[in-house]
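Asker: any chance you could fold what I've pasted below:
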Amino acid sequence: MSEPFRFRFRVRYNECDTQKVVFNARYADYVDLATTEFMRALGRDYNALLARGLDNQVVKLTLEWRASAVFDDVLDARVRALKVGNTSFVLEMDLARVADGTPLCRAEVVYVMMRTEPFEKTPVPDDVRAALEEGAPEVLVDQSGS
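Answerer: Prediction:
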């Protein structure tokens, strides 16, 4: 089985709380960053969608924490499409520490495809559907500075 798309990044000091671990709300930022890079890897980045009069909107985000990340950890967000519906799609992400493979957080995020004018739900275009279903296996976007 091939490795799913991975977005690799380093925890920055300002993302940590007074307990010296990544502040819980930062995981939503990590999900957003990983989604942005996943969509770019699919050739369906946000600028390309906007040029077509399309956008997507988060309607549900679920985070399940398993362990803490700390300053300077290098993390991988493994991203794959869990489901592609008529007007929505669900991405699943597993965040893990690269050094030892420790699972840190699982995220599930539901996006609704939107038209930009008028701002309303619209079906997921066939090419976007196909790209999401195919994913970006074996692609690694590394922004960790390693």
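Asker: what's the pLDDT at residue 1?
Answerer: The model reports residue 1 with a pLDDT of 64.
Asker: shouldn't residue 59 be in contact with residue 110?
Answerer: Yes: counting by C-beta atoms under 8 Å, residue 59 does reach residue 110; the two are 5.1 Å apart. All C-beta atoms are positioned from the backbone trio N, CA, C, and that covers glycine.
Asker: who touches both of these two?
Answerer: Shared contacts of residue 59 and residue 110, defined by C-beta atoms under 8 Å, 6 or more residues apart in numbering, are found at residue 88.
Asker: for the most centrally placed residue in the chain, which three-state class applies?
Answerer: Ranked by distance to the mean C-alpha position of the chain (C-alpha atoms, centre = their mean), the top residue is residue 35 at 2.9 Å. Put simply, residue 35 is helix when judged by DSSP: H, G, I helix; E, B strand; the rest coil.
Asker: which non-adjacent residue is nearest it?
Answerer: The shortest distance from residue 35 to any non-neighbouring residue, by C-beta to C-beta, 6 or more residues apart in numbering, is to residue 91 (6.2 Å).
Asker: count of neighbours near the one you found?
Answerer: When neighbours are counted by other C-beta atoms under 10 Å, residue 91 registers 23.
Asker: now it, which residues is it bridged with?
Answerer: Residue 91 has these beta-bridge partners by DSSP bridges: residue 81, residue 109.
Asker: doesn't residue 80 make contact with it?
Answerer: Yes: counting by C-beta under 8 Å, residue 91 touches residue 80, with 7.1 Å between them.
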